[in-house]
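Asker: Structure, please.
(2 chains)
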Amino acid sequence: MKNPENFKYTKEHEWISADGSVGIVGITDFAQHALTDVVFVELPQKGKNLIQLKTAAVIESVKSVSDVYSPVSGEVIEVNEKLLSNPELINKDPYGTGWIFKIRFENKDELNALMSSEEYTEMMKEH
Amino acid sequence: MCNAADSGMKNTPLLETHKKLGARIVGFAGWNMPAQYTNIIDEHITTRTKVGLFDICHMGEIIASGKDVRKLIRKVMTRDMESLEENRAKYSLMCNEKGNVVDDVFLYRFASNKYMMVVNACNTKKDFEWLKLNSKGLEVDINDVSDKTGKLDVQGPLSKAVIEKASGDNAPERFCHKETNIEGVQVIISGTGYTGEQGYEVYTPWEDTEKVWNSIIKIGRDYGIKPIGLGARDTLRLESCYSLYGHEINENTTPVEAGLSWTADSKYEYIGKPVISKQKEFGTEMKLAAFEMTDNSIPREKYEVVCENEAIGKVVSGTYSPTFKKGIGIAMIKRIHAKVDSAISINIRNTVHRAKIVKRPFYHYNGGNVK
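Answerer: The predicted structure is shown next:
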């Protein structure tokens, strides 16, 4: 699966799709592959203030527990409640219906410092 | 945890085969082992509904024989093995003087004075030394044949058909074993397993293991056979509440605490019996209990168990159950909280999640019924 070109990426395999000061966050196709069968997602609370690259959510597969870091600092304004009953959406559609939360952020520098699709794809080649 | 003491990982004869199949290789008890090939849920369901093939070559096999071997067996096994007939196999524990578990084993009787013990990979050396130590003054030969013995498990409701086609022979009954052939290779097959399904364990000469594996895969294709990794092996055994050394049992746990009192039935004096008999009579403060989450959270090893703000124990095994589609686990908790239907809570990332004690096992031995 191709990493969408207009998204930004972290080294820890999260993506953010930003529009103005609001971003949608999820995990990359590589990350969902590595986790395999996602069976539980712990979402952040709406209204919670997140710090860049600190734990925002938790994803569990049958045998593993993994933290999801927030790509930028800001306030959680919406969470994908569909994941509570259909956590497998993260496997099926990591860049679409498998999104995890929406964040309102102010610091554009944090966003700009993240990797572009090209840079992320390049980093993954070295894996 | 169950960690091997020796450095440097060992490989089974099938490592390259697993890699070609796209397996994820992980370290387990000092061995490079396949964790999963496709994904754990798929492999778990395949074993529950069809048939799965497992590389279990890491497990240890120790042969004990000689004039006094029955004396040794009586002394080290908690279970009454005098009743074990030739060509049959039985589960037992070995305990130390404190009544704590040295290992859990499957004991095979080959002949009147010859037995094979199938032991945990992480304990093979320890068990060998333990048997040697307790053979002093006895006329017994103890041989660790783990490096010469491959082991493949064929498990699932269609396993009998696969085994019979592969060997051209009747499959052994449950807890029985026989010598037979697969693809011209002499093997021992037993009607045993670690999944809660009808199944077989196949012992092969180390160098012929790949040949037997390939033959079973080829014949099993018509039955939907798939290779299964250690990930699904763990979820399968946990649903069936089979103990895993380093989790449910270890050198700090007695059979009574582990809910395995039924394995401590020897009429003879065995090592650990005074402590175990006393505990059987008077009970223990702590006890293993099976529980299921009442929300969709997943318990994991080492999570704290609480009841009305009091810490009452720890989770020793926890997982998402592919069969029941919920979080299940086994916890070592204070006995007074271990009654079936008791409400407990599990501390997951500093949030308390409700759970309830249930009857063991979660999944009852299925005996070959096709679902």
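Asker: where along the chain do the helices fall?
Answerer: Reading this off chain A. Along chain A, the segments classed as helices by DSSP state H run A:29-35, A:82-85, A:89-92, A:108-112, A:117-125.
Asker: should've been chain B
Answerer: Counting by DSSP H, the helices of chain B are B:15-20, B:40-49, B:69-76, B:124-133, B:159-167, B:209-220, B:230-239, B:273-282.
Asker: Can you say which of the ones you listed is packed in most?
Answerer: Across those, averaging neighbours per residue (mean count of other CB atoms under 10 Å in any protein chain shown) puts helix B:230-239 on top, at a mean of 25. Glycine gets a C-beta too; all of them are placed from N, C-alpha and C.
Asker: give me the residue from the stretch 101-250 of chain B nearest chain A.
Answerer: In the stretch 101-250 of chain B, the residue that lies nearest chain A is residue B:231 (5.3 Å; CB to the nearest CB).
Asker: what sits against that residue?
Answerer: By CB atoms under 8 Å, 6 or more residues apart in numbering or on different chains, residue B:231 lies in contact with A:62-63, B:35-36, B:40, B:43.
Asker: excluding its backbone neighbours, what's nearest residue B:66?
Answerer: Nearest in space to residue B:66, with sequence neighbours left out and distances taken as CB to CB, 6 or more residues apart in numbering or on different chains, is residue B:140 at 4.2 Å.
Asker: hmm, back to that, want to try a markdown table for the helices of chain B, with distance to residue A:8 and mean pLDDT as columns?
Answerer: Supplementary listing: the helices of chain B in a markdown table, determined by distance: least, CB to CB, whole Å; pLDDT from 0 to 100:
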| stretch | distance to residue A:8 | mean pLDDT |
| --- | --- | --- |
| helix B:15-20 | 35 | 97 |
| helix B:40-49 | 32 | 98 |
| helix B:69-76 | 62 | 98 |
| helix B:124-133 | 51 | 98 |
| helix B:159-167 | 50 | 98 |
| helix B:209-220 | 45 | 98 |
| helix B:230-239 | 33 | 98 |
| helix B:273-282 | 60 | 97 |
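Asker: Around chain A, which positions in the stretch 101-250 of chain B sit nearby?
Answerer: Neighbours of chain A within the stretch 101-250 of chain B, by CB under 8 Å from any CB of the partner chain: B:231, B:234-235.
Asker: follow-up on the earlier one: surely the residue nearest to residue B:66 meets residue B:70?
Answerer: No. Residue B:140 is not in contact with residue B:70 according to CB atoms under 8 Å; the separation is 9.5 Å.
Asker: thinking again about what came up before, of the helices of chain A, which is nearest residue B:18?
Answerer: Closest approach to residue B:18 among the helices of chain A is made by helix A:29-35 (17.9 Å; CB to CB).
Asker: gap between stretch B:146-153 and the chain center?
Answerer: Centre-to-centre, stretch B:146-153 and its host chain are 15 Å apart (CA atoms, centre = their mean, to the nearest Å).
Asker: That's all I had, so thanks and see you.
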